[in-house]
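> requesting a structural model of the entry that follows:
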Amino acid sequence: MEERKIRVLIAKPGLDGHDRGAKVIARALRDAGMEVIYTGLRQTPQMVVEAALQEDVDVIGLSMLSGAHVTLVPAIMDLMRQHDMDDVPVFLGGIIPNDDWPAMRQQGIAGIFGPGASTEEIVQTIRERVLGEG
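Numbers count the residues shown, from 1 in each chain. Take a look at the predicted model:
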């Protein structure tokens, strides 16, 4: 019997136009056997949540480099709560100052990956969270 593929949405909310990191992560997740939906650049919180709903994803990965996480993460998490998506973990990657990590976790972010995080660590964390593998 074939193992169920984890469905991951990778999104670039906000006006940040740098997506190399998001594309690297998307490829690593695909190489690890996950199904990846990449939204492209300049997504609004509504677009991210709508795509996650339409694609019935297991996980959302947000890539942010511009500092807009302080505004965009709460908006995304609020929309997810409004759509009863509390069971979909959201991970945050990019340039997130350490001082902002507690606030992001308080918003409901399941994990934060900064510069230097290995793709293996990201893959394993997602598998643990979705499949309970450890």
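> so what pLDDT did the residue nearest to Gly14 when sequence neighbours are not counted get?
Spatial nearest neighbour of Gly14, excluding adjacent residues (CB to CB, 6 or more residues apart in numbering): Ala68 at 4.0 Å. C-beta: built from backbone N, CA, C; applies to glycine. Ala68 carries a pLDDT value of 92.
> who are the contact partners of Ala68?
Pro13, Gly14, Leu15, Asp16 (CB atoms under 8 Å, 6 or more residues apart in numbering).
> ok, and the most crowded of the residues you listed?
Pro13 (26 neighbours; other CB atoms under 10 Å).
> now the two most distant members of the contacts of Ala68.
Maximum pairwise distance in the contacts of Ala68, criterion CB to CB, is 9.1 Å, between Pro13 and Leu15.
> now the spatially most central residue of the chain. Its backbone dihedrals?
What sits nearest the mean C-alpha location of the chain, by CA atoms, centre = their mean, is Gly61, with 1.0 Å. Gly61 has phi and psi values of phi -120, psi 120 when expressed as degrees, to the nearest 10.
> could you point out which element follows the helix or strand that contains Leu62?
Here Leu62, judged by DSSP states H and E, is contained in strand 59-64. Per DSSP H and E, the first helix or strand lying C-terminal to strand 59-64 is helix 69-82.
> the very next helix or strand once past that next one vs helix 69-82, what angle?
Moving toward the C-terminus from helix 69-82, the next helix or strand (DSSP H and E) is strand 90-94. Per axes from the mean of the first three to the mean of the last three CA atoms, to 10 degrees, the angle that strand 90-94 makes with helix 69-82 is 160 degrees.
> give the other helices and strands that strand 90-94 contacts.
helix 20-31, strand 59-64, helix 69-82, strand 111-113, helix 119-131 (3 or more CB pairs under 8 Å, 6 or more residues apart in numbering; DSSP states H and E).
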